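Chemist: quick one, fold the following:
(chains A and B)
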Number of protein chains: 2
Amino acid sequence: MAKKTTRKTLTKKVAKKALTRKPGKKPPAKGLDRTKRDERTNQAIEKLAAAVVAAAMAERDPEFNVPTRAASNTVWDESSGILRMGDAAQTRQLFNLGQARKFMQTLIHGQGIRELIDADKTLSLRGMFYKGLHTIQGTKEKTFGEQTESDGILEDLEVTLGSLREELHVFADVRGSLTGNITFVDTGDEIDARRMGSGGYSIPSIVEPDVIQFKKCEADFVLHVEKGTVWRRFNEDRFWEKHNCILTHGSGQPPRGVRRLLRRFNEELGLPILCLLDCDPWGHYIYSVIKQGSISLAFESERLAIPEAKFLGIRAMDYERYDLSDDVQIALNERDINRAKQIKSYPWFEKNKQWQREIDKMLKNGFKMEVESLITKDISYVTETYVPERLAEQDWLG
Amino acid sequence: MAKKTTRKTLTKKVAKKALTRKPGKKPPAKGLDRTKRDERTNQAIEKLAAAVVAAAMAERDPEFNVPTRAASNTVWDESSGILRMGDAAQTRQLFNLGQARKFMQTLIHGQGIRELIDADKTLSLRGMFYKGLHTIQGTKEKTFGEQTESDGILEDLEVTLGSLREELHVFADVRGSLTGNITFVDTGDEIDARRMGSGGYSIPSIVEPDVIQFKKCEADFVLHVEKGTVWRRFNEDRFWEKHNCILTHGSGQPPRGVRRLLRRFNEELGLPILCLLDCDPWGHYIYSVIKQGSISLAFESERLAIPEAKFLGIRAMDYERYDLSDDVQIALNERDINRAKQIKSYPWFEKNKQWQREIDKMLKNGFKMEVESLITKDISYVTETYVPERLAEQDWLG
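Modeler: Residues are numbered from 1 along each chain as shown, chains lettered A, B, ... in the order given. Next comes the predicted model:
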């Protein structure tokens, strides 16, 4: 049985221990305001277009380079603790039968983004597909076959222009809510996250500094939980008030807006990001993406990854540590086992003895456990005992 | 081409035309406060338990009746315009090998709900599964095999006790956001939905009157859109401000919290609910569930369905009416066609000539169209032209 804890809060002083930022590291970026950000993006698009025009005028074949978005071109940068893109790039030429279509699509979306920036509007990925969609004059050929083709081109543009999707005025899915000891301004509206009722504030897709400006924040840390249902338990028990924190969830794998906001909390407000996720390969993968970035979109890690994030639980040892009944065991199937082994060999986990032990222990257990499994102890065991004990003992995985 | 509209707003007077409430109908229910609601649920649980105890004491076989949750026991009530449960019920006996397990499970969850009510807490469906899960003493038998078994028992309890899931302190998924000209109180916090930034207020799962109390509302109607991405377009263009409305979305098929809140807006504030959904069988089905209720959970229609809801678009005729390019066409596949025919034969659509024509027209077109397809005209065509024209012309399907 775990010992009873008396301290309820992770104080600012203790919270700092969850921060591993090296001394001398550059001060937190404050981000650009919208005007400067848009100007920068516009210039990048113009540069791309100008090179094409210049080539055409000089009777050379128009072409541009697109950095390769593939696992083969993803590099684990140990010193910064994030995934980065390598230097590989592909040339995209107009007068190349295999490349002409993508060449055209890239320019169409570049043009579309310019229009969005000029109109100061945003569109979804689906919206961009429709925006770029038309039948090429004099043919029956459509500019885009289906949305996936359009999505890929937008990712190409991100890496080519060196701009996050949000800077291209393109937004992603919205999932995830927030409540806690912070006030911020969203598009001119002051949001007091202490007074958001049972519903909470919907975290939008675009949370750049020109959209969201942080004001008063007393919180000592951020508790990020995996699911909305768990978030509701913490909010109902007013955990954020008792433990002076910000409470977020991302409905599973957190969407970009949630990841970017967590990153800004960490970088600009110096708040530790503590994650409460399931003890299964999916929970570990979510943590990996929050911390190091995603392999398929390594380019974005520089502004989305949070190398300082911590994994608070659920831990494989909790089965014994908390004397849980075997009701909580969900057997690992073959797919889980393969996935766990794969995650175990990620370079950032491979060199981390704690994580090697954690995954080994889960494999040895032969079962997964969900955060909700603590309900078998008591409805509020997770908010009143489990997480307070982790905080008091400064017990987390790095 | 559609004619240009000058009027921008659906005034209160005009909005009333979207309300078809018959005179003399009972005044809108104000709902019970939490204490009364919990008392009522507790009494129903006690009644169920008392009957079991009384039977046992009298040496009769303990049993109770559970209304049958099946399409065969669903009745279309034309006068009220909603789906209702019929009178069929199943007896559940303890001393019946085929029923003993469900008998036990029902009592376990009844007990669990009493505990939730006493503790004034709520749990998710997953949480209830864990709460009720244990190994039966002296056996290796678990109380519940998997969550679906537990979910079914909770639905049984809803219909047996005559209580909505929310009244059993069990919450569902949370999806969907809100912004607009209304102030309300959620769990003691005043929410000014006019100042919710780009993110909006997350609509919680439980929105009963003891959780959410409406305060100042200037809005003339509610515009409910299908997707978060479309909602963002309307919020970014501040449609709710220009047209004096409340703006909601439900991330596809709206979850119960969103449906119940829309119903309360309609019933208690007298606001028309206007739905902007895709022109496809899925959009039509979403509308059908909002308006008449879901076939599988007919019991809940009485407090979730909104017979007065209106379908504002997208309409099959919009392809010609708005001179859209063929880029917006998404071919109906065989599944779509079968689904469309099935929906067309729902009794509430079958007797509605407008809907018969609408579905026939879509089938004749041979293609679906999404709300986002209007982006091919202009980024804000839907907020600046399409919806304002529908409102000005009072053009919607009932």
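
Chemist: how about the closest residue to residue A:239 other than its chain neighbours, what does it touch?
Modeler: Ranked by C-beta to C-beta, 6 or more residues apart in numbering or on different chains and with sequence neighbours excluded, the top spatial neighbour of residue A:239 is residue A:383, at 4.9 Å. Any C-beta I mention is one placed from the backbone N, CA and C, and that applies to glycine too. Residue A:383 is in contact with A:233, A:234, A:237, A:239, counting by C-beta atoms under 8 Å, 6 or more residues apart in numbering or on different chains.

Chemist: same check, this time on residue A:132
Modeler: A:105, A:108, A:109, A:112, A:143, A:144, A:150.

Chemist: swap the cut-off to 6 Å and go again
Modeler: Residue A:132 makes contact with A:108, A:109, A:112, A:143, A:144, A:150 under the criterion C-beta atoms under 6 Å, 6 or more residues apart in numbering or on different chains.

Chemist: the second one sits in which helix or strand?
Modeler: The one in question is residue A:109. Assigned by DSSP states H and E, residue A:109 belongs to helix A:100-119.

Chemist: now the residue nearest to residue A:102 when sequence neighbours are not counted, what's its secondary structure?
Modeler: Spatially, and ignoring its direct neighbours in sequence, residue A:102 is nearest to residue A:92 (5.8 Å; C-beta to C-beta, 6+ apart). Following DSSP: H, G, I helix; E, B strand; the rest coil, the label given to residue A:92 is strand.

Chemist: what's the neighbour count on residue A:92?
Modeler: Residues near residue A:92, counting by other C-beta atoms under 10 Å in any protein chain shown, number 23.

Chemist: in contact with it, which residues are there?
Modeler: With C-beta under 6 Å, 6+ apart, residue A:92 has these contacts: A:64, A:66, A:99, A:102, A:103.

Chemist: so what's the residue nearest to residue A:239 scoring on pLDDT?
Modeler: Note on residue A:383: pLDDT of 97.

Chemist: likewise residue A:82?
Modeler: Model confidence at residue A:82 (pLDDT) stands at 87.

Chemist: what residues does the stretch 51-200 of chain A have near chain B?
Modeler: A:121, A:124, A:126-127, A:130-131, A:133-134, A:174, A:177, A:186-187, A:189, A:191, A:195, A:197-200 (C-beta under 6 Å from any C-beta of the partner chain).

Chemist: and these, which of them are buried?
Modeler: A:124, A:126-127, A:130-131, A:133, A:174, A:177, A:186-187, A:191, A:197-200 (16 or more other C-beta atoms under 10 Å in any protein chain shown).

Chemist: among those, show me the least confident.
Modeler: residue A:174 (78).

Chemist: which residue, neighbours along the chain excluded, lies closest to that one?
Modeler: Nearest to residue A:174 is residue B:228, by C-beta to C-beta, 6+ apart, at 4.6 Å.

Chemist: quick one, phi/psi of that neighbour?
Modeler: Main-chain torsions, residue B:228, degrees, to the nearest 10: phi -60, psi -30.

Chemist: gap between it and residue A:189?
Modeler: When C-beta to C-beta, to the nearest Å is the yardstick, residue B:228 and residue A:189 sit 18 Å from each other.

Chemist: can you give me the helices for the stretch 201-350 of chain A?
Modeler: A:228-236, A:239-242, A:256-269, A:281-292, A:301-304, A:318-321, A:334-344, A:347-350 (DSSP state H, counting those that start in this stretch).

Chemist: which positions in the stretch 251-398 of chain A make contact with chain B?
Modeler: Counting by C-beta under 6 Å from any C-beta, the stretch 251-398 of chain A sits next to chain B at A:327, A:372, A:373, A:375, A:376, A:379.

Chemist: go with 8 Å
Modeler: A:325, A:326, A:327, A:328, A:370, A:372, A:373, A:375, A:376, A:379, A:380 (C-beta under 8 Å from any C-beta of the partner chain).

Chemist: quick one: buried residues of whatever helix or strand residue A:43 lives in?
Modeler: Applying DSSP H and E as the criterion places residue A:43 in helix A:34-57. Using 16+ other C-beta under 10 Å as the test for burial, helix A:34-57 gives A:37, A:38, A:41, A:44, A:45, A:48, A:49, A:52, A:55.

Chemist: got a list of what the third one touches?
Modeler: Which is residue A:41. A:113, A:117, A:161, A:163, A:167, A:168.

Chemist: what distance do you get for the fifth one to chain B?
Modeler: With distances defined as C-beta to the nearest C-beta, to the nearest Å, the gap from residue A:167 to chain B amounts to 15 Å.

Chemist: what does that residue show for phi and psi?
Modeler: The phi/psi pair for residue A:167 (degrees, to the nearest 10) is phi -80, psi -20.

Chemist: show me where pLDDT drops low in chain A?
Modeler: Across chain A, the ranges flagged by pLDDT under 70 are A:1-34.

Chemist: any idea which residue is closest to the centre of it?
Modeler: Note on chain A: the residue nearest the mean C-alpha position is residue A:259, at 3.1 Å, using C-alpha atoms, centre = their mean.

Chemist: and that one, what is it in contact with?
Modeler: A:250, A:289, A:290, A:304, A:305, A:306.
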